[in-house]
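**Student:** generate a structure from the sequence data that follows.
(2 chains)
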Amino acid sequence: MSLQEEETPEIEADESELEALLDDLVVDRDDHMNAPAFVIRPDSVQETLGRLKNEAGYDHLSLVTAEEYPDRYESIYHLKKFDDPTDEVSVVVPTDAENPVSESAEPVFRTADWHEREAYDLVGIEYDDHPDLRRILLPETWQGHPMSRDYDQDRPQMVPLREHANPLQEDQRSDADSDTMFVNIGPHHPATHGVLHLETTLDGEQVIDVEPDIGYLHRNEEQMAQNGTYRHQIMPYPDRWDYISAGLLNEWAYARAAEDLADIQVPEYAQVIRTMGAELCRIAAHMLAVGTFALDIYGDFTAIFMYAIRDREKAQNILEDLTGQRLMFNYFRLGGVVWDLPEPRDEFFQKTREFVDELPDLLEEYHDLITGNEILQMRTVDTGVLPTEVAKNYGATGPVARGSGIDYDLRRDDPYGYYDELDWEVPVEDGCDNFSRLLVRLREVEESAKIIEQCVDILEDWPEDERNIQANVPRTLRPEDDKEIYRTVEGAKGELGVYIRADGTEKPARFKIRSPCFSNLQTLPEMSNGEYIPDMIAALGSLDIVLGEVDR
Amino acid sequence: MSSERELFRTDDAKVQTDTRDARMSGQGDRFNSKLREAFGSSPFILTKFDKFMNWVRGSSMFMLQFGIACCSIEMMHTYAVKHDLDRFHAGVPRASPRQADVMIVPGTIVSKFAPRMKRVYDQMPEPKFVVGMGSCTISGGPFQEGYNVIKGAEEVIPVDIHVPGCPPRPEALVYGVAKLQERIANGEASPVTVKPYELEQFGDLERDEIVDELASEIDEEDLVMRYNWADSP
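**Tutor:** Okay, here's the model as predicted:
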């Protein structure tokens, strides 16, 4: 890709500096397609990451990948900069196969807490000094680590209720004489946006501790992807990560990683279609986010929720025309899209235009109903505060980060698709509270509409004999052995990434998903400790989590 | 103001409609259905109480607000403006299982969630009905080979109606619910008494002392039920 060629000298210059910085810690070098990788000893993780964060400015721990090789375990820390996400570096920590223990990165990056717990849960690497190393996605009673090599995937494990400790039996979290009360919220509760379990400790009406308990929708997306072939069998699964009709955005995450891995050039025409489809998805996803947020705040199941669903329905109709499905689009293919715009094209363009044209008016309605509503303002302004530095430390991205004043959007900062050719802006609010996250979403809808409008103009003028929707892709893709890549795109909820390690076969050896919601949800205790219960619910609503993506 | 003001009278000529005529004469097509004809002059009907109750149940379904995964998005659309499940007397979403009698299971059930779902189901009052929505609920769907995925809701709770699709369109769910109502109105829904799987193992045996003894050891409170224990992986 031409983009990469431009970057190459820059990265090399950085590399020598980084080498000098980490001189005494690096034991080996590795080469990932996206970034230089430094191999370090398992007991110098904090030292290395600390130096990279404080001295080299890598302040965004995007992902922790854990995997098992025949002779060793490996944790890979993918670091980025919030100022420039194309500036990446990976830290590879091999640990031995018999006794996989490595140092925890949690004291340096708070977000490593959950990421390492997941690595422990699924792969089986243990992290020294980790504050709370226990299972996160699977039940406590689970036997074995399912993503490790010797795990028997055919042996089912059922977990009856009696195996779970009943948290109501006795209050184990507080002193005998304290006045706190332990309350479970979820996993079946209308305010948790799916099957999320919140273990809250209350002092009167105030939340003094909340611990999200996830894993009630852990449906092995990574394993499913590892069992599928690159060309066709993986693409249906991304639709089901962030299932709030953000399908095309997710598909793009996989497409981007796999296309760069297999060196496939996507035709420009297909890129424009992708960009348009993805932004329609973003509108649909944000509409639901806004509707359910209002539902959480003042239980408005009638007006705002219905307005939001009405407008989502319009976006979904256009997407249905485009892709043939209502929710699980499965529209992208490696090297392009599966089919061209629907015929008659004029009708499709007209329909899309009408939708985009009326959006500003509709958004005015939303501002009238929601953001201009005093009750909502009283409930959301200055509640659920997430300061900028805390958000960065937790690796929060997307509208959550932009609501906390972090000007970070991969569509602009790490351009892909057709975004850098179009004219649009990244909305940022620095209120750091529930209200600014809502505002960011509403303003993003506006920007998405701008993008769609421009894409429609471009597509309309595209010459008929140059409508190339697919690159020439080999029937079977077999990327070289030990090629590793990590690519991210801006999903509806934030930075959605895919890490793939190829092993020379037609299936990935390791497929790791970086889901924005996973990191975003981790900030919930920071936002809600000390607040009232309804404010915690509001904070949860403003994070706009999708459990399919949190649990994967 | 004068008290001799003329009383207001409706000008019949201006408001006369077919409906009004029908109402006045009691003979309009709109009101005189086949059913009415069958009644004859008497407005009373005789029926069996059970039959009447089935009809009542089928005509007022209280749905449990229950979202698991992707299907629940389509389920929300089914409740909302365009599709409006309420038209079919099935649109009162209840947040608490204690007030609901239909549970739509919309999504993938994994090992950690299955016992919770069973608990929610158990909390619903009888008679209760279950609509399995989507491939995951039916069989595990695209995730069937996952280590963590329950291969269908039926391993945990009994399901009356399966609505296939990934996810089913709202229209499909409406059809499924309508079918369920039809079956309930005819008294055809599947038995709602849940038999825990251990009890099922004694199913063919005579209830002698040993079987009774073994059965009494089962704590039905905390069981995860499997309907087809032998065939399930």
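
**Student:** got the contact list for residue 135?
**Tutor:** Looking at chain A here, since you left the chain open. Contact partners of A:Arg135, counting by C-beta atoms under 8 Å, 6 or more residues apart in numbering or on different chains, are A:117, A:120-121, A:142, A:215. In this view, the C-beta of every residue, glycine as well, is placed from N, C-alpha and C.

**Student:** other chain: chain B
**Tutor:** Contacts for B:Ser135 (C-beta under 8 Å, 6+ apart) come out as B:141-142, B:164-166.

**Student:** ok, A:Asp31 next?
**Tutor:** Contacts for A:Asp31 (C-beta under 8 Å, 6+ apart) come out as A:Ala37.

**Student:** return only those of the contacts of A:Arg135 found close to chain B.
**Tutor:** Restricting the contacts of A:Arg135 to those touching chain B (C-beta under 8 Å from any C-beta of the partner chain) yields A:142, A:215.

**Student:** top of the contacts of A:Arg135 by neighbour count?
**Tutor:** A:Gly215 (26 neighbours; other C-beta atoms under 10 Å in any protein chain shown).

**Student:** among the contacts of A:Arg135, name the ones in strands.
**Tutor:** Per DSSP state E, strands hold no members of the contacts of A:Arg135.

**Student:** of the contacts of A:Arg135, closest to chain B?
**Tutor:** Relative to chain B, the closest of the contacts of A:Arg135 is A:Gly215; by C-beta to the nearest C-beta it sits at 5.1 Å.

**Student:** pLDDT at the closest one, what is it?
**Tutor:** Reported pLDDT at A:Gly215 in the predicted model: 88.

**Student:** what's the answer for A:Lys351, then?
**Tutor:** pLDDT recorded at A:Lys351 is 92.

**Student:** and whichever strand or helix holds it, what does it pack against?
**Tutor:** Secondary structure assignment for A:Lys351, by DSSP states H and E: helix A:345-366. Secondary-structure packing of helix A:345-366 (3 or more C-beta pairs under 8 Å, 6 or more residues apart in numbering or on different chains; DSSP states H and E): helix A:268-298, helix A:303-323, helix A:434-460.

**Student:** is the first one in proximity to chain B?
**Tutor:** Yes: applying C-beta under 8 Å from any C-beta, one finds helix A:268-298 in contact with chain B at A:Leu288.

**Student:** before we move on, the earlier item: need the next SSE after the helix holding A:Lys351, C-terminal direction.
**Tutor:** Scanning forward in sequence from helix A:345-366 by DSSP H and E, the next helix or strand is helix A:374-380.

**Student:** so which of the helices and strands packed on helix A:345-366 gets nearest B:Glu171?
**Tutor:** The closest of the helices and strands packed on helix A:345-366 to B:Glu171 is helix A:303-323. By C-beta to C-beta, the value is 12.5 Å.

**Student:** could you list the buried residues of the closest one?
**Tutor:** Within helix A:303-323, the residues that count as buried by 16 or more other C-beta atoms under 10 Å in any protein chain shown are A:304-309, A:311-316, A:318-319, A:322-323.

**Student:** each with direction, which strands does the next helix or strand after that helix pair with?
**Tutor:** Using DSSP H and E, the helix or strand that follows helix A:303-323 in sequence is strand A:332-333. If you go by DSSP bridges, strand A:332-333 pairs up with strand A:336-337 (antiparallel).

**Student:** any residues touching the partner strand, and which ones?
**Tutor:** A:266-267, A:270, A:273-274, A:277, A:331, A:468-471.

**Student:** again, only using 6 Å
**Tutor:** A:266, A:270, A:273, A:331, A:469-471 (C-beta atoms under 6 Å, 6 or more residues apart in numbering or on different chains).

**Student:** next: stretch A:297-307.
**Tutor:** By C-beta under 6 Å, 6+ apart, the residues outside stretch A:297-307 that reach it are A:291, A:294-295, A:369, A:376, A:379, A:538, B:80-81.

**Student:** again, 7 Å this time
**Tutor:** By C-beta atoms under 7 Å, 6 or more residues apart in numbering or on different chains, the residues outside stretch A:297-307 that reach it are A:291, A:294-295, A:365, A:369-370, A:375-376, A:379-380, A:538, A:541, B:80-81.
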